[in-house]
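Novice: here is a sequence together with a model predicted from it:
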Amino acid sequence: MVKGIIMEVVLEIKELNKVFKNGRGIRDINLNICKGDVFGLLGANGAGKTTTMKVMTGLMKPDSGDVKIFGHSITTHHEKAMKNVGCIIEMSESYPYLTAFENLKQISRYYDYIDNIRINEVLEMVGIYKYRNEKTKNFSFGMKQRLGIASAILSNPKLVILDEPLNGLDVEGMVAIRNLIRKLSDEEGTTFFISSHLINDVELTCNRVGVIFNGKIINEDYTANILRDYATLENYFISEVDSNGRA
Amino acid sequence: MEELKGASINEIERLFKKKKAYVAAIISILSIIIGQLVVIGFRLGTGSRAADRAEFPLLVLSIYINTILPLFTALVTIDMFTGEFSQNTIKIALLRPISRLKLYFSKIIAITFFVFINLFLVMALSTLAGMFFNPGTMSIKELLRILLAYTVSMLPILTITLILVFIANLFKNGVVAFLVSTILYIAMKAFEIYNNSYKIIFITSTLGWYSHWTGSEIPIDSLVREFLVMFACSLMAFSAGFYLFDKKEL
């Protein structure tokens, strides 16, 4: 709830636990992401960002707790929960023996409303249209990342989950993707859940931030509120991690 | 069902975009050519007919279904399951609005399609080779007998496929899965030959199921017995394979 307005909850994470044999993992994650939020999950390497996202999207099963996307549990109603979701988890994957266009065509078959025009449109949006007929085995890491973003937004999803989306992109690519996220959020009301260890990018892109440390969400707030008390998001992050590290 | 249809088309498209499908087709054609050359050589050397027009496609089937087809089916199946998990490309489909059961089923549909295309390509080519290069006659009745033999052969090879799917989901490494499948297959074939009276307990013995259909008399009891063995094995392998597929985490 913000300023007395009831916000539509798009993503609801309740008491989520997933602990691996080595003792690492995530514990008691509770989060509500509302429509239109561009939520940034900040954390150091190994803090639990990717595990959280994998459980959120059904790639892993939780030990306990649940994730509801648009009111549907990811564990029991995966198909309905993922209907309006686009994502990149861990790394952007593609079939190396298919072209960029064929890769997106494969994804389009899971939906009955995506045509070739839309495929070309998203290839244009992420700046790889001219490579559409090249096999992705010849793509650089940055181009694969762009293709991954294209596949995440192909179905016009209402919720986009991106794990380290700016990894491997050059400065021009980073700016372009940041602008694309802002555009989709502003013009189409798309909700974003982005994980990153690049604090500056989160500050520039996200309107809400959560900090994950040792598998637990230690704090979350609106970026504007944080920047009222701290000069930069980096100061806030260091302060939160320090106080929790000492505790 | 739209998701299942889309996923099945995707699996089939990917299967035929890979070199394995072409290699399978080339080896199938080569096996027919070699088989035909052996038959001609035997005929010229001994003066015996070796195989006449109608027998040649069945001779090819007996060799093909016990050797090349299981080999390529294993390669394709392991690549589709173990390979996609080890390369992480399975994530592309798992992150889409499709249940794991539908995805699992779509992969089996694609492998079935691959087996179907392979069997009928071999049937068409061996029938043509039989007509042009071998003596004897080929009536409509004999053509139908060949068609029946190749069609009923789908069932045992699909049972083997489902067992391969189960094995593919047991392992994280494709090479290990392929080695285990190959060793198991060779061991079963060897036991089958060593102890012929108990061969029904080895599922590989059902690969000769078509021969019950092509004889002068159809042995109903053997047909039903083998059908039930295949059906039971298929159900168990499908369920166990899906259990493992559903439990897998990335």
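Specialist: That came in fine, so what should we check first? The structure displayed is predicted, hence computed values, not measured ones.
Novice: any chance you could map the helices in chain A?
Specialist: Assigned by DSSP state H, chain A shows helices spanning A:49-56, A:78-81, A:100-108, A:116-125, A:141-153, A:171-188, A:199-205, A:223-229, A:233-246.
Novice: how many neighbours does the residue of chain A found nearest chain B have?
Specialist: At 3.3 Å from chain B, A:R109 is the closest residue in chain A, using Cβ to the nearest Cβ. Placement of C-beta: from N, CA and C, glycine included. Residues near A:R109, counting by other Cβ atoms under 10 Å in any protein chain shown, number 19.
Novice: so A:L16 sits against A:G48, correct?
Specialist: No. The pair A:L16 / A:G48 is not scored as a contact, 10.1 Å apart, by Cβ atoms under 8 Å.
Novice: pull up the overlap in contacts between these two.
Specialist: By Cβ atoms under 8 Å, 6 or more residues apart in numbering or on different chains, A:L16 and A:G48 have these common neighbours: A:I26, A:I29.
Novice: output the set of residues of chain B in proximity to chain A.
Specialist: Counting by Cβ under 8 Å from any Cβ of the partner chain, chain B comes close to chain A at B:2-3, B:5-7, B:9-10, B:13-14, B:17-18, B:88-89, B:91-100, B:102, B:249-250.
Novice: and the buried ones among these, selectable in ChimeraX?
Specialist: In ChimeraX, this line selects whichever of these come out buried by 16 or more other Cβ atoms under 10 Å in any protein chain shown:
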select /B:3,6,7,9,10,13,14,17,18,89,91,92,93,94,95,96,97,98,99,100,102
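Novice: in helices, which of the residues of chain B next to chain A fall?
Specialist: Using DSSP H, those in helices are B:2-3, B:5-7, B:9-10, B:13-14, B:17, B:91-94, B:100, B:102.
Novice: does A:G173 touch A:S140 like I think?
Specialist: No. Assessed by Cβ under 8 Å, A:G173 is found out of contact with A:S140, at 10.4 Å.
Novice: pLDDT weak spots in chain A?
Specialist: Within chain A, the ranges that satisfy pLDDT under 70 run A:1-6, A:246-247.
Novice: close to chain B: what parts of it are there?
Specialist: By the rule Cβ under 8 Å from any Cβ, the part of chain A lying against chain B is A:54, A:57-61, A:78-80, A:82-83, A:85, A:87, A:89-91, A:93-95, A:97-98, A:102, A:106-107, A:109-112, A:151.
Novice: from those residues, keep the buried residues only.
Specialist: The buried subset of the residues of chain A next to chain B - by 16+ other Cβ under 10 Å - is A:54, A:57-60, A:78-80, A:82-83, A:85, A:87, A:89-91, A:93-95, A:98, A:102, A:106-107, A:109-111, A:151.
Novice: looking at chain B, which helix or strand is least sure?
Specialist: Ranked by mean pLDDT, DSSP states H and E, the weakest helix or strand in chain B is helix B:19-46, scoring a mean of 80.
Novice: list the buried residues in stretch A:135-142.
Specialist: Quick answer for stretch A:135-142 (16+ other Cβ under 10 Å): A:K135, A:T136, A:F139, A:G142.
Novice: what about that stretch, start to end distance?
Specialist: Length of stretch A:135-142, first residue to last, Cα to Cα, to the nearest Å: 15 Å.
Novice: residue in chain B with the shortest distance to chain A?
Specialist: For chain B, Cβ to the nearest Cβ, closest residue to chain A: B:G6, 3.3 Å.
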